[in-house]
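>>> here are the coordinates; sequence isn't available:
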């Protein structure tokens, strides 16, 4: 199984009420975000986009936050404007009007 498969199995167990799995899923989500943000803060465009994506969609214990998503999408766009703009589906932006304002 891949790391992504492991993560999905863990999230599923947490959603089924497994408290240990829920704690581990929260810890892993927090570590994933910390690691990704560290890389993003060093100027990595892909990491910046991925942090924005995490905040846009939310994740285990990472609530949707369109303002933070816009901040990180904006940083990524500043580095690779057209490339990132092409990655953001217009339909996704329509679901979050605040992103249209910032992006």
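Ah, there it is. Worth saying up front: this structure is predicted, and the values here are computed from it rather than measured.
>>> looking at this structure, which helix or strand is least sure?
Least confident helix or strand, the chain: helix 90-94 with a mean of 46, by mean pLDDT, DSSP states H and E.
>>> Any figure for the gap between the most centrally placed residue in the chain and residue 20?
By Cα atoms, centre = their mean, the chain has its centre lying nearest to residue 54, at 1.0 Å. Using Cβ to Cβ, to the nearest Å, one gets 24 Å for the distance from residue 54 to residue 20. Just so you know, the C-beta spots here come from the backbone N, C-alpha and C atoms, and that holds for glycine as well.
>>> Could you do residue 76 as well?
When Cβ to Cβ is applied, the distance between residue 76 and residue 20 equals 36 Å.
>>> try residue 56
Using Cβ to Cβ, residue 56 is found at 29 Å from residue 20.
>>> quick one: which of these two has more around it?
Set side by side, residue 56 and residue 20 give different neighbour counts by other Cβ atoms under 10 Å, the larger being at residue 56 (21 against 10).
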